[in-house]
Each structure stands twice: as C-alpha cells, then as structure tokens.
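Colleague: dropping the sequence and predicted coords here.
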Number of protein chains: 2
Amino acid sequence: MGDKEDFMTRVNDLYRFEAIQGHLGWDQETIMPAKGAKARGEILAWLAAQRHSRLIDDELGSLISRLESESLDDFFAANVREMRRKYDEAVKLPTDFVSLFTKARSEALIAWQKARSESDFSQFAPHLKNMVNLTRQKVEYLGCEHTPYDVLLDEYEVGMKVEDYDPLFAGLKSRLVPLLAKIMDSNVEIPRLPEEMTFPVDAQEMFCNKVSNSMGFDFEAGRMDRSTHPFCAGLWPDDTRFTTRFDEKDPFSCLYAVMHESGHGLYEQGLPKEHSYSPVGMAVSLGVHESQSRFWENQIGRTSAFWKIAMPWFKEQFPDCPDWSNEILDLVANEVKPDFIRVEADEVTYNLHIMIRYEIEKMIFNEDLAVEDIPSTWNKMMKDWFGIDPPNDSLGCLQDIHWSMGAFGYFPTYTLGNLYAAQLLQTMSEELGDIEGIISSGDWSSMLTWLRQKVHEKGSVMTPSELIESATGQAPSPEAFLNYVEAKYSKLYNL
Amino acid sequence: MGDKEDFMTRVNDLYRFEAIQGHLGWDQETIMPAKGAKARGEILAWLAAQRHSRLIDDELGSLISRLESESLDDFFAANVREMRRKYDEAVKLPTDFVSLFTKARSEALIAWQKARSESDFSQFAPHLKNMVNLTRQKVEYLGCEHTPYDVLLDEYEVGMKVEDYDPLFAGLKSRLVPLLAKIMDSNVEIPRLPEEMTFPVDAQEMFCNKVSNSMGFDFEAGRMDRSTHPFCAGLWPDDTRFTTRFDEKDPFSCLYAVMHESGHGLYEQGLPKEHSYSPVGMAVSLGVHESQSRFWENQIGRTSAFWKIAMPWFKEQFPDCPDWSNEILDLVANEVKPDFIRVEADEVTYNLHIMIRYEIEKMIFNEDLAVEDIPSTWNKMMKDWFGIDPPNDSLGCLQDIHWSMGAFGYFPTYTLGNLYAAQLLQTMSEELGDIEGIISSGDWSSMLTWLRQKVHEKGSVMTPSELIESATGQAPSPEAFLNYVEAKYSKLYNL
C-alpha cells in the first residue's frame, strides 16, 4: 500500500468511528430508552478511546510528514493539513489528561443540570473552577503563542483570535446597542395569538415538513425527530437527521427551529460525498455551519415574503388562526425584546448575548477573573447592555450547557454564523437578483443551488475565512450584518 | 496485563463491534431513510471486517490455548469454550472466501427479492446454486466428520446433527399429520370478525403495550417500533428493541407478533449483565431464544385464560368489537388451517413447514438434490403432507429469505423452540402449580421469575441441550410438545 492509500485508510477509519459516535449520540438524544444511558456512556467512551489510539499512532504522524512534502491536489492537501492539526493537538495532550478531562466533564454536566434546575450557582462553582483549571492546563499543553483565550477560540473556528474578535464585536456593539434603544422607544405593538388557541402537534409537523421540503431538505436522505433541544446530525452519507420540539401554544417556535435545523441539514446533505469519512468532506467550521441555519431561519423565514408563500400552508393546517397579513406575521416573527435567554433571542439582541459570554470568557482566561465573580459580572453586563436584571442564575450565567462541557471559546462562532449569513445574502442578492421575489415565489431552488456551489460542495478544502472570502468576495466582516439588521428593523419598527 | 484480562479485553472489543453492528442493523430495518442504504451497507461491511480481523488474531488463539489449561470458573470457562469455537471456525475460512460469500449473499438477496415478487424461481436459481456451492465449500473448509448437513446444523444449534433431528422429526410427523387430518375432518366453525370493522393502529399499539408490559417487558430498558418483518434485537445492556407491524383489519396479527417479540425481548433483558459483551452473557442458541418467544405467544397468548384477562383490555381499545367469549377468542386465535406460508402457520402445521425445509436441505447437502428440482420437490411435499398445491413459487419455495442469505441449517431451530417451550411449560406447571390460574390472574411475574432463573440468567454457561435438561430435568424431546398440542387441539376441535 502506498503512503496516500495508507493515509486515507487510516483517516477513513477514524472518521468511521466518528460517524458511529455521532449516530449513537443522536440515538441517545432522541429515542434511547432511559435505562440505556449507562451502557451508552460506556460505549461512547470506548469509541472515543478507539478513535484516539488511531489518531495518535506514530505511523499516522510519519505519513502526514511524508505527504506534506508531496505535490497533492487541493482536496488531498486539505486532508493532510487538517490531519496535521488534529494529530499535533492529540499528541500534545497526555492520554491521562484526556481521560481526566472527560471524567471531570461528565461530573460537571450533572452538577450543572442540578444547579440550573435549583438556580444555585454555588453547586456548580467548584466544577466550573475545575473545568477552568483543566482548560488552562490544556492551553499549556497545546502551547500558547499570544493569549490563552486565543488557543481556545482557534479550536472552534480555525484562525480566529482575540485580535480578530475584539474589533468585530466592538463594531457590532457600537451599532446594535443604539439600535436596540431606538426599538425599545418605538411604539409598535406586536399582535398576540389568541390565548385560547392551540396548535396540534400533528398539524405543526405537517406544516414544518412542507417548509423543510420546500427548502430542499431531502427526506429520503434524512429524518426529522424530536428531542429536548433541537439539533442536526449529519450522520452518514445520505443520512442526515435533525430534531425539533413542539409547543402546542406557539407554532412559531417549532417552525423556526425546523428552518434552522433544516439549514444545517442542507449543508450536510450538500457536502462532497466523494470525500465522505475524511476531514475535507466535512463542514468547514461551526461558524459556517451556523451561517447556513441562520440564513434559512432568519433571512428567509423571518420575512413578509416568506409569509406570503407560507401563509396558505399555515392556514391549511390551522384554519382557525387569525387572518393576519404577511406584514403582521413578519412583525410577530421578529419581535425585539431584551430578555434573559440567548437561545430565544431575536436578531438584534442575540449577538449581545454572545458578546457577554465572550467578554467573560476572555476575562477568565486572559485576566484571571475568579469563578466566584462570574454571576455578578454577568448580571452587571445584562443591566448595562440590556437594561434588565436576571432574577436568578438560571436565567443568567447558568443558562447554557457549554461551560459544563469545557467548551470555552465556542460561543463566538454563533455570531460568526450571523455575520457570514448576512454576507452570503448580500452576495446572493447581487448574483441572483430579487431575493424577495424568489422567496415569495416558493421556488427556492436557485438559492439552494447557489449555497451548494459556494459553500456546501467546498467541504473543508479552504479555511472558514477563505471560504467566506471566496463566496462573497470579501473577508469576514460585520458590515453586511449591521446593514441588514438596521435596514430590516428600521422598517419593521418605523425608526 | 495478565492472560485473563488480555483475553477479556479482546473478547469485549469483538462483542462491542457486534453490538454496534446490531444497532445499525436495527436502525436500517426501522427508521433509516431510504437513500442511506448504500452507506449503511458499507459501514456494516467495514464493521464486519474490523471484527473479523480481531477474531482471527494469532494472539487471541494463543490466549485461548493457554487459558484452556487453566482452572477457571464456569462463566470464564464458557467464554473460553465459545471463543475456541468461534476462533477455530474463523481461522479455517480464508478471508477471500468470507468476502466472496458476503458478496454472493448480497447479490442473492436482491435476486431473491425480485424473484419472489415476480414468483419466478428461474431468476433466483443461479444465485441459489451459487450459495449452495459456496456453502459446500464452506463445509469443506470447516471439516466434515459425519454428513455435510451436520456441519451446517451445528452452526445454528451447537451439538445438533441429522442423527438427532431425524428421529425427532419422524416422531413429530407421525403424530402431527394424523392430528391435522382429524382437525380437518371436524366441523368446528371459526367465527370471523365483521368485514367492515377496522382496528385503528393507535389503539392496537395501546393494547399491545399493555400486554407486553404485563409480560414484564421493561419499556424503560427497551422500545417497540415498526418494521416490515417483526424482529427483536437485544442491542445493549438495558436497551432491547423489538418491532411489530399493524394490520387495520386484523388486530390479532399484531398482538401475537408483539407477544412473540416481547418473549425474545424478555430473554435479552434477563441475560446476566455482568457478562455483557462476552459470549457467556449472550442467549445460548436460536432454539432456546425461539422457545421464549413461542412460550409467550402460544402457551400464554393463545389460551382462553389469556383472553379472560385480556378481553377487558381489548374492549377498552375497541369498544365496538363483537362480544365474543374467551372460548371463542381462543378458537379464533388457534385456527388450524393447512396453508402455504410458514410464518402465518398455526401450532399444528408450523413444524410440518419446518420439516419440509429440513428434508429438502438434507437432500441438497447430503444427497446432491439439484437446485432445479427444488420447486417440484417442495410442491410434492406440500401436496403429500398438507393436501394443498402451491399455486406459485412465491407461496412455495421462494417464501423465506434464509436461503438467499446462505442460512442453510437454520430452520430446525424454529421447531426446537416449539419443543423446548412445551418442555418448559410442563416443568413450570409442576413447579408453580395452576398455570391457567396464573395466566387468568393477570399477574404473570411468577412465570417470568421462573424463566429468568432457569433460562435467562444462565446466559451461555451451558450448551443449549444442557440448559434444557437442567431446566426441565429431561433431555430435549418432542413428547411434551406432542402431548401439549394433542390435548389443546382435541379440546378446541372436540376430537
């Protein structure tokens, strides 16, 4: 077997293990019987160990080194580049440390769940301290060139550092905070659904299926299921599964979850299949993934053009719903309201939530903010930026799962997703013309084709920022997003 | 690492791969999107190869040899014994042959599906010939001490040979054929459900859940789903999944499928968990597995005592169903009718179906019956034994999937299941007393506890026939079964 073949066999094996982990993880979140949890945890840990031992194999390291000096096509070269990154990181982390980290994470997760449900930060604090310390240790193992937080940011969006995020967030904040203030001062009233109305789950499912289908999600190569928190898993070639949840009093919650997750699903379904089970065949980054979900959820789904086509679909399932105009529905779907919970935030406040996380994480790792001081820091920022006081830590710094998993540096990718989506929309408008017309025609295939060609089919052949630049002609920047939200909300709120 | 630890790690790894194969196979049959089939086939083949390379590892062979001369507890010794059997078989088969066999099987399966749907044996014949020839080759590799068919029979029920089955089947035939004739001559009329009645799927599901729950199936450690052909998969510790199918015109079909598969499921849920991922922690054989499903399906479910307790549950779901007595329901559930399809056969004719397969397989491997002559041989036996002429090969020798999979020697285990079940019932009656009383009380836990202690908890520590002998005090024999069917059907049909 030649080096190239040997390398690809090893890489494919690694990614097959990863796909199995993904599948069993999906099953765990959706349909696994409750008592199966213990055995599932064990098999997932076993799979992680199987995968890890293959990743840190010396021979894989030698193959990567030898192939780096060969002339390779772009896709093969990207595989070598990505495996170099993964290999270097994996061999830097001692096996004992990895298992210590995994164990601490399981314990922190359980402590966080309890602390959140009882709104008691003190229960979570020692575990959070532990995760922070272990993460500092990890940064040391990985080696820190600039600031410690840079090492963590790079894990989730390659190439992104504090020096990239700081000006980007400052730019966002300087225009989002005044926009929010103006919206709060406006007198636009948001209509409410009649209190007594309920929206049966089956009908919601039919409606959401119709929307997802219209987006181009292929249900012969995927599924929609239910889980506590909606997510999408691109498990296998031609088998992509996303989930949603249903609220009988609020059909919009499910609709936008489905549009969001279908957006992720379309990306997975559009990845280059000839590169399955290798890094180049995977989505390039969390930020780019999020751009796909936010594009469909917000830039398509939260428009009056969308409601022009979707209202008859909606009426078919819910004939008793009020006869709202598309414009009113658009307003209902875009209500701006400073509130405590990130995942339910509108487009204007969403990124402010992310920035609070970012600032606090930066303080933790670059300025040694004590874990005890996190709640007060959090609450002060909420007051300063949103004008509201979290009544307890469950609605404050305990709301998200990420810290319990040691996923520091993850949040900013959500904002990148919003920015990338706006950049993509801008370029798409320039190239396809009247996007509103396309949306209200109900035939969205030209938009999907555009995303396929510019994003999905590229897999990971470029870095995330190269991909955005190649698709939009511009480096990642907040301009397009700010112009988009300012225009959209000025119109909606008569500013 | 000591030999024992090294051995168990290797064994556990093998069985973890098997559990993953089982899980992905279950998913494939139940919920996988259609287009996922290709990738699923590939990953299953990859898993099989991963598993195989571990099984034929020389070092595993050496460990087995060294452990065979050590003094071990019963459970460890059984693991060594079973791994010896698996290892010896695996190393005898050249890897090329295994992959040739796998490939031929995939092709035969597709050809069989088409041939059956078009009822055209000639399309399947060349593939069947190929499977027969490859199976002959396999027998040669494995080594044949007595007759070639013995080698195949032993694969599915260790220790069972033609010289065991011949007298057993002869005994069965000599009493079942006259019993069938007498039933056919009786004038008992079987009531029919009103033509216009339908039984909604949701209500059937509720009713079947209630029955399965009452049997003791733990739905917190298992699931019920749907598939074309009902089956049960004991995937993981505390995660056992069975399937059923629904016919809106016939609620009994689903009920008995659920009782059958729940019987399999109870066995899986009762296996010794401390031996998970090793042979001794697995069900001992197909025959014993089938005894558990047939016990609940037939000896519990097809009795008037069952209907005494289940009729109110049934009426709750189907208030418009006729007011049949328990005795009439018992008769409906036990209609004897010579028919073409094995899987739908009653308890009297079922084993005759199996014997036709057995006789023909024996002719193929021990007497070189030509593949071309199978349909006519089949049809002649159906005429002789059942008095009916299959109108086409789909209702004849093409009906089952097994031959396309190269599973020759498998069918007799179904009959063993029926015989074992009757032996278990007999001993259970002696030890627990009035079984009818227990059934009609609705509290079936004493029967489950008995099966747990005598069968489930034993795993594979004994061979199948040792297990039956230890549970019933008697070697496997058809007596109990024949006495059971003769008594049951004489009463039902006033013979």
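Modeller: Happy to help now that I have it. Keep in mind that this is a model prediction, so the values were computed, not measured. Residues are numbered from 1 along each chain as shown, chains lettered A, B, ... in the order given.
Colleague: helices of the stretch 151-300 of chain A, start to end?
Modeller: A:162-185, A:201-215, A:251-270, A:286-294 (DSSP state H, counting those that start in this stretch).
Colleague: does at least one residue of the second one sit close to chain B?
Modeller: No - judged by Cβ under 8 Å from any Cβ of the partner chain, helix A:201-215 stays clear of chain B, getting no closer than 11.7 Å. Glycine gets a C-beta too; all of them are placed from N, C-alpha and C.
Colleague: buried residues, that helix. List them.
Modeller: Applying a neighbour-count criterion of 16 or more other Cβ atoms under 10 Å in any protein chain shown, one finds A:203-205, A:207-209, A:211-212, A:214-215 buried in helix A:201-215.
Colleague: residue of the stretch 151-300 of chain A closest to chain B, please.
Modeller: A:Asp239 (3.5 Å; Cβ to the nearest Cβ).
Colleague: how about that residue, nearest residue that isn't a chain neighbour?
Modeller: Spatial nearest neighbour of A:Asp239, chain neighbours left out: B:Gly36 (3.5 Å); criterion: Cβ to Cβ, 6 or more residues apart in numbering or on different chains.
Colleague: got it, and A:Gln317?
Modeller: Nearest one to A:Gln317, counting by Cβ to Cβ, 6+ apart, is A:Ala203 at 4.0 Å.
Colleague: ok, the one you found touching A:Cys321?
Modeller: No - shown here, A:Ala203 and A:Cys321 do not form a contact pair, counting by Cβ atoms under 8 Å, at 10.4 Å.
Colleague: just the CA atoms of the helix or strand harbouring A:Gln137, as PDB, please.
Modeller: Per DSSP states H and E: A:Gln137 is located in helix A:121-142. Coordinates of the C-alpha atoms in helix A:121-142 are reproduced here as PDB (Å, rounded to 0.1, in the frame of the first residue of the first chain):
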ATOM      1  CA  PHE A 121     -24.500  28.700  41.300                       C
ATOM      2  CA  SER A 122     -22.600  27.600  44.400                       C
ATOM      3  CA  GLN A 123     -23.300  23.900  43.500                       C
ATOM      4  CA  PHE A 124     -21.700  24.400  40.100                       C
ATOM      5  CA  ALA A 125     -18.900  26.700  41.100                       C
ATOM      6  CA  PRO A 126     -16.300  24.000  42.200                       C
ATOM      7  CA  HIS A 127     -16.900  22.100  39.000                       C
ATOM      8  CA  LEU A 128     -16.700  25.200  36.900                       C
ATOM      9  CA  LYS A 129     -13.400  26.000  38.700                       C
ATOM     10  CA  ASN A 130     -12.200  22.500  37.900                       C
ATOM     11  CA  MET A 131     -13.100  22.800  34.200                       C
ATOM     12  CA  VAL A 132     -11.400  26.200  34.000                       C
ATOM     13  CA  ASN A 133      -8.200  24.900  35.600                       C
ATOM     14  CA  LEU A 134      -8.200  21.800  33.400                       C
ATOM     15  CA  THR A 135      -8.700  24.100  30.400                       C
ATOM     16  CA  ARG A 136      -5.800  26.300  31.500                       C
ATOM     17  CA  GLN A 137      -3.800  23.100  31.700                       C
ATOM     18  CA  LYS A 138      -4.900  22.200  28.200                       C
ATOM     19  CA  VAL A 139      -3.800  25.500  26.900                       C
ATOM     20  CA  GLU A 140      -0.400  24.900  28.300                       C
ATOM     21  CA  TYR A 141      -0.200  21.500  26.700                       C
ATOM     22  CA  LEU A 142      -1.200  22.900  23.400                       C
END
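Colleague: which SSE is the residue lying closest to A:Glu359 once chain neighbours are set aside in?
Modeller: With sequence-adjacent residues excluded and distances taken as Cβ to Cβ, 6+ apart, A:Glu359 is closest to A:Met381, at 6.9 Å. Using DSSP H and E, A:Met381 sits within helix A:374-386.
Colleague: and the contacts of that helix?
Modeller: The contact list for helix A:374-386 (Cβ atoms under 8 Å, 6 or more residues apart in numbering or on different chains) reads A:121, A:128, A:173, A:177, A:180, A:338-340, A:349, A:352, A:355-356, A:359-360, A:363-364, A:369, A:388-390, A:393, A:396-397.
Colleague: at 7 Å instead, please
Modeller: The contact list for helix A:374-386 (Cβ atoms under 7 Å, 6 or more residues apart in numbering or on different chains) reads A:121, A:177, A:338, A:349, A:352, A:356, A:359-360, A:369, A:388-390, A:393, A:396-397.
Colleague: of those, buried ones?
Modeller: A:121, A:338, A:349, A:352, A:356, A:359-360, A:369, A:390, A:393, A:396-397.
Colleague: got a list of what A:Ala108 touches?
Modeller: A:127-128, A:130-131, A:404.
Colleague: if we go to 8 Å?
Modeller: Contacts of A:Ala108 (Cβ under 8 Å, 6+ apart): A:124, A:127-128, A:130-131, A:404-406.
Colleague: need the pLDDT of the residue positioned nearest the centre of chain A.
Modeller: For chain A, A:Glu290 is the residue whose C-alpha lies nearest the centre (Cα atoms, centre = their mean; 4.4 Å). A:Glu290 carries a pLDDT value of 97.
Colleague: now do the contacts for it.
Modeller: By Cβ under 8 Å, 6+ apart, the neighbours of A:Glu290 are A:413-414, A:416-418, A:420-421.
Colleague: from those residues, pick the one nearest B:Asp58.
Modeller: Nearest to B:Asp58, judged by Cβ to Cβ, of these is A:Thr413 at 47.9 Å.
Colleague: burial measure for that closest one, as a count.
Modeller: 22 (other Cβ atoms under 10 Å in any protein chain shown).
Colleague: again with A:His146
Modeller: So A:His146, with other Cβ under 10 Å, has 11 neighbours.
Colleague: correct me, but it touches A:Asp164?
Modeller: No - counting by Cβ under 8 Å, A:His146 stays clear of A:Asp164, with 11.1 Å between them.
Colleague: tell me the residues on chain A that lie near chain B, please.
Modeller: A:16, A:19-20, A:23-24, A:27, A:31-36, A:38-40, A:43, A:46, A:218-223, A:236-239, A:276.
Colleague: break down the stretch 201-350 of chain A into its strands, ranges please.
Modeller: Using DSSP state E, counting those that start in this stretch, the strands of the stretch 201-350 of chain A run over residues A:222-226, A:232-236, A:239-244.
Colleague: let me have these in a markdown table, extended by mean pLDDT and distance to B:Tyr267.
Modeller: Output for those, formatted as a markdown table (pLDDT from 0 to 100; distance: least, Cβ to Cβ, whole Å):
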| stretch | mean pLDDT | distance to B:Tyr267 |
| --- | --- | --- |
| strand A:222-226 | 96 | 29 |
| strand A:232-236 | 92 | 30 |
| strand A:239-244 | 97 | 31 |
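Colleague: quick one: the ones you listed as JSON lines, columns for mean neighbour count too.
Modeller: As requested, the strands of the stretch 201-350 of chain A are exported to JSON lines (neighbours: other Cβ atoms under 10 Å in any protein chain shown):
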{"stretch": "strand A:222-226", "mean neighbour count": "19"}
{"stretch": "strand A:232-236", "mean neighbour count": "25"}
{"stretch": "strand A:239-244", "mean neighbour count": "26"}
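Colleague: of those, which is nearest A:Ser71?
Modeller: Going by Cβ to Cβ, the one of these nearest A:Ser71 is strand A:232-236, 31.1 Å.
Colleague: and the closest one, how far out from the chain middle?
Modeller: 14 Å (Cα atoms, centre = their mean, to the nearest Å).
Colleague: please export the C-alpha coordinates of that strand as PDB.
Modeller: Output of strand A:232-236 as PDB, limited to C-alpha atoms (Å, rounded to 0.1, in the frame of the first residue of the first chain):
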ATOM      1  CA  CYS A 232     -28.900  18.400  13.500                       C
ATOM      2  CA  ALA A 233     -26.600  15.500  13.000                       C
ATOM      3  CA  GLY A 234     -25.000  14.700   9.600                       C
ATOM      4  CA  LEU A 235     -24.500  11.100  10.400                       C
ATOM      5  CA  TRP A 236     -23.700   9.300   7.200                       C
END
